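> Below are the sequence and a predicted model; questions follow.
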Amino acid sequence: MVFFCLNEEGQGLVEYSLIILLVAFAVIGALTLLGSNVTAFFRNFANNF
């Protein structure tokens, strides 16, 4: 039982997973808010190119 309490190998993995999850939510939120503007920008860029 003491071994499981002292074993911290998975702690870093959980922390990195939470950071990646937070970044993913931020990206999804930004794309939701700015999605139409980004789409219009790339469409305009493609048409002018």
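Thanks, I have it.
> Could you say which helix or strand holds the residue nearest the centre of the chain?
Nearest to the geometric centre of the chain sits residue 24, at 1.8 Å (Cα atoms, centre = their mean). Assigned by DSSP states H and E, residue 24 falls within helix 9-48.
> Distance from that helix to the middle of the chain?
The offset between the C-alpha centroid of helix 9-48 and the centroid of the whole chain comes to 5 Å, using Cα atoms, centre = their mean, to the nearest Å.
> The residue nearest to the centre of the chain: what's it in contact with?
When the contact criterion is Cβ atoms under 8 Å, 6 or more residues apart in numbering, residue 24 has no partners at all. Quick note: C-beta positions are derived from backbone N, CA and C, even for glycine.
> circling back: now do the helix holding residue 24, average pLDDT.
pLDDT averaged over helix 9-48 equals 89, rounded to a whole number.
> buried stuff in stretch 30-37?
The neighbour-count criterion (16 or more other Cβ atoms under 10 Å) identifies no buried residues in stretch 30-37.
> Tell me, how many residues neighbour residue 13?
The number of residues packed near residue 13 is 9, by other Cβ atoms under 10 Å.
> what's the answer for residue 27, then?
Applying other Cβ under 10 Å, I find that residue 27 has 10 neighbouring residues.
> Equivalent analysis for residue 48, please.
The criterion is other Cβ under 10 Å. On that basis, residue 48 has 6 neighbouring residues.
> Now for it: which residues touch it?
With contact taken as Cβ under 8 Å, 6+ apart, residue 48 is in contact with no other residue.
> ok, it to residue 42 distance?
With the distance defined as Cβ to Cβ, to the nearest Å, residue 48 ends up 11 Å from residue 42.
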